[in-house]
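Asks: from the sequence below, what's the structure:
(one chain, ligands or ions: 4)
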Amino acid sequence: ASKRGGKMRCTWFNEAFDRSRDALRELDEDLRRALAQGEFVLHYQPLVDARTREVVAVESLMRWNRPDGKAIGPNIFIPIAEESGLINAIGLWVLRQACTDALQWSGIKLSVNISAAQLRNPEFPIQLGDILEETGFPSDRLELEITETSLVLDPVIAERSLDVIRGFGVNISLDDFGTGYASIGFLRQFRFEKLKLDRSLVVQASEDDGSRAMMLSSITVARAMKMDVTAEGVETQEQADMVRAAGCDQIQGWLYFKAMPPEDIAQYLSGPAETAAARETARKKSA
Ligand code: C2E
Ligand code: MG
Ligand code: MG
Ligand code: MG
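Replies: Numbers count the residues shown, from 1 in each chain. Ligands and ions are numbered 1, 2, ... in the order given. Below is the predicted model:
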């Protein structure tokens, strides 16, 4: 009986596996079409200075306008594009589009997410250089957000590429710090211009002392290494006060702004940002 059960489980597993593999293949074909047909758009989320509350940068975040109206976020489709290699073409589209959009927002920085598969491509630095030249976007206003994964798999190649990219004047940020394996030791091993504390760390630090200590010591190390620190995913005033007191330089999160279409950014570029809730109240009053 146990033998039969095993076989059945195996058949079930294979069917489920085939189904999910088919679904993945389908999604990958969808992504190819999406890129060719212009279904991707970029939204931008402002980062505010922790002290002055002025917008100092925007991060580009991909959105997918599917013809069937289904909402599929980048957390789902980026890993699929990474697996098939399509991320290279998508990533170049993102860079070109973001650099073009951000030309109009003088004085602030542009942050673009780069996946490990892109950085592993030895052509990437040259392609980036071409895009900077084509678009005329000032390289010292660009920062690339990478994660630890980019560096652990192939540290030698990654470091070499990052050196070339830095040579252009582009800054490198370590994204999603506090998730996965990225540790304080990691900060000392590689050089980054900016550290981005992941939302999960920000949330935990506002809830327990151990996580807060971990956040504070990361900030201390970042400081010592002359890195800027951004707190991601700040949703409440309490979290904003905490990360400001902890010494974060920038705050990014729904407390101030969600990601928005490029045409909405310009109105927020002068003066200190209000919270999203305060803007909403003001909007209702004036309506
Ligand atoms: P990420 O780079 O860490 O981006 C931050 C994510 O947190 C974004 O999700 C953003 O919308 C969300 N977020 C920001 N503030 C808050 C907040 O206060 N609360 C909550 N709950 N969430 C907040 P999004 O746009 O869904 O992107 C998810 C991830 O997909 C990004 O994480 C990034 O890893 C990846 N991604 C997005 N666009 C690109 C891209 O153009 N290229 C690559 N390689 N990856 C991208
Ligand atoms: Mg990011
Ligand atoms: Mg992040
Ligand atoms: Mg993230």
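Asks: any residue of stretch 58-69 touching ligand 2?
Replies: No: using CB under 5 Å from the ion, no contact is recorded between stretch 58-69 and ligand 2, whose separation bottoms out at 5.6 Å. Glycine gets a C-beta too; all of them are placed from N, C-alpha and C.
Asks: and that stretch, how far apart are its ends?
Replies: Stretch 58-69 stretches 26 Å from its first residue to its last (CA to CA, to the nearest Å).
Asks: try stretch 223-235
Replies: Using CA to CA, the span of stretch 223-235 from its first residue to its last is 24 Å.
Asks: next, the buried residues of that stretch.
Replies: For stretch 223-235, a neighbour-count test (16 or more other CB atoms under 10 Å) marks Met227, Asp228, Val229, Thr230, Ala231, Glu232, Gly233, Val234, Glu235 as buried.
Asks: now that stretch: how far from the chain's centre is it?
Replies: What separates the centre of stretch 223-235 from the centre of its chain is 14 Å, taken as CA atoms, centre = their mean, to the nearest Å.
Asks: what is the nearest of the buried residues of stretch 223-235 to ligand 3?
Replies: Of all the buried residues of stretch 223-235, Glu232 has the smallest distance to ligand 3: 4.9 Å, by CB to the ion.
Asks: three-state assignment of Glu145?
Replies: The local conformation at Glu145, judged by DSSP: H, G, I helix; E, B strand; the rest coil, is strand.
Asks: what bridges to it?
Replies: Asn113, Ser173 (DSSP bridges).
Asks: neighbours of it, how many?
Replies: Number of residues near Glu145 (other CB atoms under 10 Å) recorded here: 22.
Asks: ok, it touching Gln118?
Replies: No: under the contact definition of CB atoms under 8 Å, Glu145 does not touch Gln118, with a separation of 11.5 Å.
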